[in-house]
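Asker: Okay, sequence plus prediction incoming.
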Amino acid sequence: MKNLEIADLFSKIADALDLKGGNYFKIRAYRRAARTIKDLSEDIEKIYKEGSLTNILGIGEGIAKKIKEYLETGKMSKYEKVTRDIPESLLSLLNIRDLGPKTLHILHKELGVENLDDLKKIIEEGSFSKLEGLGEKKAEKIIEGIRVYEERMGKEKRFLLGEVVPTVNEIVKKLKNIDSVTRVSPAGSVRRMKETVGDIDVLVESNRPNEVMELFTSFPEVKKVLESGETKTSVILEGLDIQMDLRVLPPESYGAALMYFTGSKDNNVRIRGLAQKKGLKVNEYGVFKNGRRIAGKTEEEIYKLLGMEFIAPELREDRGEVELALENKLPFLVKYDDIKGNLHTHTIYSDGENTIEELASHAIKFGYSYLGITDHSKAASYANGMKEDELKKQSDEIDYLNEKLENLTILKGIECDILPDGSLDFDDKILESLDFVIGAIHSGFTKNVTERMIKALENPFLKILAHPTGRLISRRVGYDVDLKSVMAKASEEDKILEINAYYDRLDLNEYNAKEANRRGIKLCINTDAHNLRMFDWMYLGVGIARRAWLPRNAIINTYDLKDLIKILKGNG
Ligand code: DGT
Ligand code: CA
Ligand code: CA
């Protein structure tokens with residue numbers, strides 16, 4: 001699929017125009033097109049061939065023409081034109097937080113900044129803060145932005161799990177369709193559901209490895225073949241430019257290889273050591289006793305032979321799971337299909353793309369029994385937050401839909417801003433009329449975040465605290481918050497903390513979620529969906545919960561509606 005490539009081009013066009021001080025509406029149109037295309041579940045080339053590009057919301061004639069050009073010629077002249085006089089090293093500086101196109105434009109024009117070294121130099125020399133409208137404070141922010149940026153770029157590049165999984169699923173599906181292929185599974189960090197992954201590992205069981213490798217390397221997702229042999233082929237995939245290692249195994253060692261290549265490395269070392277004590281040798285080919293293979297077909301038989309419980313891939317990090325498995329004492333983890341509803345979603349009442357009714361039918365497709373609608377409150381003006389009268393209108397609409405719907409209950413919620421003084425954006429009277437309130441910090445990230453959260457948690461109507469650390473995995477370290485104090489308060493007040501499953505947030509992360517559970521705080525896994533497709537991200541949140549060793553009853557949106565309401569109303 002060329003979706004990601006094309007989205008990337010539009011996003012770069014927007015950046016370049018932005019840097020040049022181009023037309024705001026045009027820039028916005030390119031950004032919107034980039035996002036839409038990135039989010040498409042269908043192959044854009046297929047849509048193009050059907051002649052229905054312009055049926056996609058956010059893609060007009062102009063954009064469609066550029067897509068056509070790229071698909072037919074492999075080039076987009078608009079992109080070449082707008083980026084011709086901008087060095088790539090300059091454009092990439094826009095990834096630094098707090099360094100917007102306007103500032104960068106000035107830095108480029110006035111001080112000749114062309115790359116990261118130039119930028120660091122002018123900040124150190126002080127010529128940055130002397131420029132009009134910038135100053136010391138801005139310089140400090142950008143220094144912090146550079147730190148985060150370097151941390152991300154400096155190390156070996158890692159990818160967000162949520163960006164990678166749709167492609168993995170697509171490829172796994174195609175591999176399964178090959179005649180000689182009997183089993184397929186992701187391995188490595190993808191299978192362990194780690195929040196970022198370095199590359200994609202996939203295992204295939206087949207007796208005809210050459211045929212599998214040949215077919216695989218001709219998949220359209222494959223951009224470049226790095227090496228191809230009978231047991232292992234490494235390629236670079238289109239779009240993300242991520243490496244994928246495919247390994248083909250015969251049936252007798254598929255389980256052993258799956259276990260080995262799922263890792264983690266530390267977990268492997270622990271298991272191998274354990275086996276040694278029992279006089280066994282474990283490697284990627286099987287379990288051996290006196291040089292004879294005694295297991296290897298499945299992971300299950302290997303664990304059994306080693307005298308331990310099956311360890312879920314999400315737990316295999318050598319954090320004590322091996323020892324517990326030996327004693328049959330692993331936690332009973334929440335399952336991916338335990339989820340009964342999504343409680344943090346946005347509609348066209350604020351900054352979502354769909355109507356309540358559309359979200360409701362989508363929730364039904366997921367087999368959910370409830371759906372919480374939580375649009376933004378009025379202070380979130382950048383997100384088209386709702387005024388009181390809009391909230392009322394929404395409430396009437398939900399009543400009407402609930403009359404009609406048979407298998408789903410829509411709950412009236414709100415994502416209410418926690419204001420700079422820690423109070424909530426709506427009066428208690430209004431909050432009381434809702435089924436539940438999610439509190440969230442969206443502004444003033446540097447100001448007294450801990451105190452504000454603690455005060456907000458004292459409000460009797462606030463039940464769930466959204467994305468408690470405010471981090472964005474690829475862009476932002478998060479609020480300056482003392483999470484321990486917030487957790488202490490949440491525990492005291494019987495509040496719920498969110499595991500926000502938005503692919504770039506995953507907040508709380510696995511460590512914090514585990515700590516919350518240790519303190520007896522209940523959690524709620526929400527997708528923060530702004531469109532239908534984003535409902536898919538629920539599995540990312542469940543992955544975090546499983547990596548945090550959480551059982552089902554720690555997660556409130558695994559409960560039946562009746563029990564959920566008891567919890568939300570504070571008497572559960
Ligand atoms: P990543 O790709 O950085 O997100 O992390 P992984 O865990 O997917 O690591 P990767 O792709 O280098 O290797 C896949 C698995 O193969 C890894 O989880 C465990 C196994 N493995 C790789 N190298 C070694 C090794 O030197 N010793 C052992 N015991 N296992 C290894
Ligand atoms: Ca890997
Ligand atoms: Ca690998």
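Answerer: Nice, thanks for sending it over. Numbers count the residues shown, from 1 in each chain. Ligands and ions are numbered 1, 2, ... in the order given.
Asker: Poorly predicted segments of the stretch 51-200 of the chain, please.
Answerer: 152-156 (pLDDT under 70).
Asker: Next to ligand 1, which bits of it? Give me the list.
Answerer: When proximity is defined by CB under 6 Å from any ligand atom, the stretch 51-200 of the chain lies next to ligand 1 at Gly188, Ser189, Lys194, Val197, Gly198, Asp199. Placement of C-beta: from N, CA and C, glycine included.
Asker: how about a cut-off of 8 Å?
Answerer: Contact residues, the stretch 51-200 of the chain versus ligand 1 (CB under 8 Å from any ligand atom): 156, 158, 187-190, 192, 194, 196-200.
Asker: out of these, which are inside strands?
Answerer: Applying DSSP state E to these, the entries found in strands are Ala187, Thr196, Val197, Ile200.
Asker: Kindly state the beta-bridge partners for the last one.
Answerer: What it means is Ile200. Beta-bridge pairing of Ile200 under DSSP bridges involves Met244.
Asker: count of residues packed around it?
Answerer: Residues contacting Ile200 under the criterion other CB atoms under 10 Å number 24.
Asker: can you tell me how far it sits from Asn354?
Answerer: 31 Å (CB to CB, to the nearest Å).
Asker: now, the most widely separated pair of the ones in strands among the residues of the stretch 51-200 of the chain next to ligand 1?
Answerer: Maximum pairwise distance among these (CB to CB): 16.2 Å, between Ala187 and Thr196.
Asker: Please say which of those two ends up with more neighbours.
Answerer: The residue with more neighbours, out of Ala187 and Thr196, is Ala187; 21 against 17, by other CB under 10 Å.
Asker: who's in contact with that one?
Answerer: By CB atoms under 8 Å, 6 or more residues apart in numbering, Ala187 lies in contact with Asp201, Val202, Leu203, Arg247, Leu258, Phe261, Thr262, Gly263.
Asker: Hmm, Leu506 and Thr196 touching each other?
Answerer: No: with contact defined as CB atoms under 8 Å, Thr196 does not reach Leu506; the gap is 9.4 Å.
Asker: Need the residues touching each of those two.
Answerer: In terms of CB under 8 Å, 6+ apart, Thr196 and Leu506 are both contacted by the residues Ile473.
Asker: For this protein, give the residue positioned nearest to ligand 2.
Answerer: Gly188 (3.2 Å; CB to the ion).
Asker: now that residue, nearest residue through space, not along the chain?
Answerer: In this structure, Gly188 finds its nearest non-sequential neighbour in Asp201, 3.4 Å apart by CB to CB, 6 or more residues apart in numbering.
Asker: cool, Ser234 as well?
Answerer: Closest to Ser234 by CB to CB, 6+ apart is Leu226, at 4.2 Å.
Asker: And the longest helix that the chain contains, what's buried?
Answerer: Ranked by number of residues, the top helix in the chain under DSSP state H is helix 135-154. Neighbour counts over helix 135-154 (16 or more other CB atoms under 10 Å) mark Lys138, Ala139, Ile142, Ile143, Gly145, Ile146, Val148, Tyr149 as buried.
Asker: next one: stretch 361-371
Answerer: Residues of stretch 361-371 classed as buried by neighbour count (16+ other CB under 10 Å): His362, Ala363, Phe366, Tyr368, Ser369, Tyr370, Leu371.
Asker: List the residues that contact the spatially closest residue to the second one that is not a sequence neighbour.
Answerer: Distances taken as CB to CB, 6+ apart place Leu371 nearest to Ala363, at 4.1 Å, with adjacent residues excluded. Neighbouring residues of Leu371 by CB under 8 Å, 6+ apart: Gly341, Asn342, Leu343, Thr345, Leu359, Ala360, Ala363, Leu408, Thr409, Ile410, Leu411.
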